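Asks: Need the 3D shape of this:
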Amino acid sequence: MTVNLRLLVLGTTKYSDSSLILHGYTPELGRITLMLKGVRNAKRGSIRTALFQPLNHLEAVVDYKPNRGMHYLKEAKVYSVYKTLHQDISKSSVILFLSDILNQVLREEQQENEPLFHFLVHALDWFDCTDKSANFHLKFLMEFTKFLGLYPNFSGTKTDFFDLASGSYVSQEPYENGLIAPLLNHWESLDACSFESLEKLQLNQQIRQQLLSQIIVYYRLHIQQFKEPKSLAVLHGLFN
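Replies: Numbering: from 1, shown residues only. The predicted model follows:
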């Protein structure tokens with residue numbers, strides 16, 4: 001059957017000399033895999049590979065067959081036009097990194113989840129419009145864990161030590177994978193702020209890199225088979 005879907009592009013894989021496999025995320029179906037026949041052939045109709053940049057928000061017409069692992073893309077167009085995400089070098093590096101994270105973490109998420117889709121769309125739209133972007137990826141990764149059921153427990157009795165393995169405060173400093181002040185204070189401030197108030201966080205490049213490293217550790221501890229994305233390297237040196 002033919003269905004109309006909104007989707008976010010998680011990534012693509014080359015298939016033959018002229019085709020692509022598209023990995024996308026939709027509100028109704030969760031993750032979906034689509035075959036794009038002939039899309040790499042310049043003579044093919046209106047569908048061009050430029051549509052499938054990381055985390056592009058598309059409207060797609062899909063030949064969908066339930067219980068199949070792959071479906072066919074018939075038509076596609078941009079649903080939401082980004083003004084800066086793929087033009088600004090810093091933002092495009094962040095987008096590449098986040099798409100790698102999402103593509104990996106959402107690999108088995110093949111069910112309806114409109115709240116997650118709406119969070120992703122809202123966050124990307126905000127990022128596209130702001131010029132205060134240095135801390136965005138940190139807040140995004142923290143908020144994303146809410147939709148995975150993995151959000152750190154900040155509601156318990158606060159102590160001077162936070163255990164990344166349990167995701168909670170503990171009475172003694174953990175032997176490994178623990179946070180203490182001053183980095184713990186920045187971790188708590190990141191939790192307490194919104195996207196709109198991110199610019200108020202006083203973080204230098206070193207602190208950002210430390211926070212990002214600990215968030216990646218948190219993902220590794222709580223998500224089975226999670227691997228540090230190769231694109232993490234492109235973030236080093238950004239946001240001085």
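Asks: From here on, just use CA atoms for contacts and neighbour counts.
Replies: Will do.
Asks: Partner strands of the strand ranked longest in the chain, with direction?
Replies: Counting residues, the longest strand in the chain under DSSP state E turns out to be strand 2-15. With DSSP bridges as the test, strand 2-15 is paired with strand 19-26 (antiparallel), strand 57-63 (antiparallel).
Asks: CA atoms only for that strand, dumped as CSV, please.
Replies: The C-alpha trace of strand 2-15 is given here as CSV (Å, rounded to 0.1, in the frame of the first residue of the first chain):
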residue,chain,number,x,y,z
THR,A,2,1.0,3.6,-0.5
VAL,A,3,1.4,5.8,2.6
ASN,A,4,2.5,9.4,3.2
LEU,A,5,5.0,9.8,5.9
ARG,A,6,7.1,12.5,7.5
LEU,A,7,10.6,11.3,8.4
LEU,A,8,13.9,12.4,9.6
VAL,A,9,17.0,11.1,7.7
LEU,A,10,19.2,9.1,10.0
GLY,A,11,21.6,8.0,7.4
THR,A,12,22.1,6.4,4.0
THR,A,13,24.0,3.5,2.6
LYS,A,14,25.2,3.1,-1.0
TYR,A,15,23.5,0.2,-2.9
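Asks: Let me know the secondary structure of Glu112.
Replies: Of the three states, Glu112 takes coil according to DSSP: H, G, I helix; E, B strand; the rest coil.
Asks: pretty sure it contacts Leu29?
Replies: Yes. Between Glu112 and Leu29 there is a contact under CA atoms under 8 Å: 4.9 Å.
Asks: What distance separates the opening and closing residues of stretch 125-136?
Replies: By CA to CA, to the nearest Å, the extent of stretch 125-136 from end to end equals 12 Å.
Asks: Same question for it: list its buried residues.
Replies: Within stretch 125-136, the residues scored as buried using 16 or more other CA atoms under 10 Å are 125, 127-128, 133-136.
Asks: Give me the contacts around that stretch.
Replies: Contacts to stretch 125-136, defined as CA atoms under 8 Å, 6 or more residues apart in numbering, come from residues 82-85, 91, 195, 198-199, 208, 239.
Asks: which of the residues you listed lies closest to Arg6?
Replies: Using CA to CA, Tyr82 comes nearest to Arg6 of these, at 15.3 Å.
Asks: What degree of burial does that closest one show, as a neighbour count?
Replies: Each residue near Tyr82 was counted by other CA atoms under 10 Å, and the total is 16.
Asks: One more: the one 10 residues further on?
Replies: By the measure other CA under 10 Å, the count of residues near Ser92 is 16.
Asks: which residues does it contact?
Replies: If you count contacts by CA under 8 Å, 6+ apart, Ser92 has them with 85-86.
Asks: same question, the one 10 residues further on
Replies: Contacts for Leu102 were tallied using CA under 8 Å, 6+ apart; they are Leu10.
Asks: Leaving out the residues flanking it, which one is nearest to Leu221?
Replies: For Leu221, ignoring the flanking residues on the chain, the nearest one in space by CA to CA, 6 or more residues apart in numbering is Ala165 at 6.1 Å.
Asks: From Leu29, how far off is the one you found?
Replies: According to CA to CA, Ala165 stands 31 Å off from Leu29.
Asks: Quick one: low-confidence residue ranges for the protein.
Replies: Applying pLDDT under 70 to the chain flags the ranges 39-47, 237, 239-240.
Asks: for it, what spans make up the strands?
Replies: Using DSSP E, the strands of the chain run over 2-15, 19-26, 30-36, 57-63, 71-80, 161-163, 168-170, 178-179.
Asks: In terms of secondary structure, what does the last one contact?
Replies: Just to be clear, that refers to strand 178-179. Judged by 3 or more CA pairs under 8 Å, 6 or more residues apart in numbering; DSSP states H and E, strand 178-179 is in contact with strand 161-163.
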